[in-house]
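Asker: Got a sequence here, can you model it:
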Amino acid sequence: MTDTPQNPGAAKDPLHGVTLEKLLTTLVDNFGWPALASQVNINCFKSDPSVKSSLKFLRRTPWARKEVETLYLDFIEGHLRPDMTRSKRRTPLSAQAPQKPKVSTATPAADSPWNNHPLVKK
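Answerer: Numbers count the residues shown, from 1 in each chain. I've put the predicted structure just below:
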C-alpha cells in the first residue's frame, strides 16, 4: 500500500494491514507452539494452545502483543532463524534487564505526623 493522504503512515508501518490473527498464524505455521512458548512466556502458548485463546489474551495484554509483534517483524525481515534465535536487531521486552524500583530517601518534614509512626525508621 502506498503513502496516501488518507493513509499517511501506511508505508512506514510494517504491521499495517496485518491482522493479529494472520501474524499469529504465520508464526505458528513456521515455528510451532513450543517455540513460541519458549520465546514469549505465556500460558496460552504452553497449555492447550489455540489461535482463538491466544488472540483473546494478546488483544487484552499489550506487553505480550508487543513481544509477538516483535517476533513477527524479526521473522519477516529475516532476522529470526528457524531455531528461533535472532541474528541481529530487536530484543524482546522480556530479555531487557529489569529496572530496580525507585525508593524515596526523603525524610518527612519536622512537623509531619509520620515522624512518630512506628514503622518509620529513626
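
Asker: remind me, longest helix of the chain?
Answerer: helix 62-76 (DSSP state H).

Asker: Which secondary structure elements does that one sit against?
Answerer: Other helices and strands packing on helix 62-76, by 3 or more CB pairs under 8 Å, 6 or more residues apart in numbering; DSSP states H and E, are helix 20-31, helix 33-39, helix 51-60. Any C-beta I mention is one placed from the backbone N, CA and C, and that applies to glycine too.

Asker: least reliable of these going by mean pLDDT?
Answerer: Per-stretch mean pLDDT for the helices and strands packed on helix 62-76 is lowest at helix 33-39 (a mean of 89).

Asker: quick one: pLDDT of the nearest residue to Asn30 once chain neighbours are set aside?
Answerer: In space, and not counting its chain neighbours, Asn30 is closest to Phe75: 6.7 Å by CB to CB, 6 or more residues apart in numbering. For Phe75, the pLDDT comes out at 86.

Asker: One more: Ser87?
Answerer: Here, the pLDDT recorded for Ser87 equals 56.

Asker: rewinding a little: in CSV: the helices and strands packed on helix 62-76, plus mean neighbour count and distance to Leu80.
Answerer: Putting the helices and strands packed on helix 62-76 into CSV (neighbours: other CB atoms under 10 Å; distance: least, CB to CB, whole Å) gives the following:
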stretch, mean neighbour count, distance to Leu80
helix 20-31, 16, 8
helix 33-39, 17, 9
helix 51-60, 15, 18
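
Asker: With distance to Glu69 added, can I get the ones you listed in a markdown table?
Answerer: Output for those, formatted as a markdown table (distance: least, CB to CB, whole Å):
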| stretch | distance to Glu69 |
| --- | --- |
| helix 20-31 | 7 |
| helix 33-39 | 12 |
| helix 51-60 | 9 |
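
Asker: closest to Asp13 out of those helices?
Answerer: With CB to CB, the closest approach to Asp13 among these belongs to helix 20-31: 13.0 Å.
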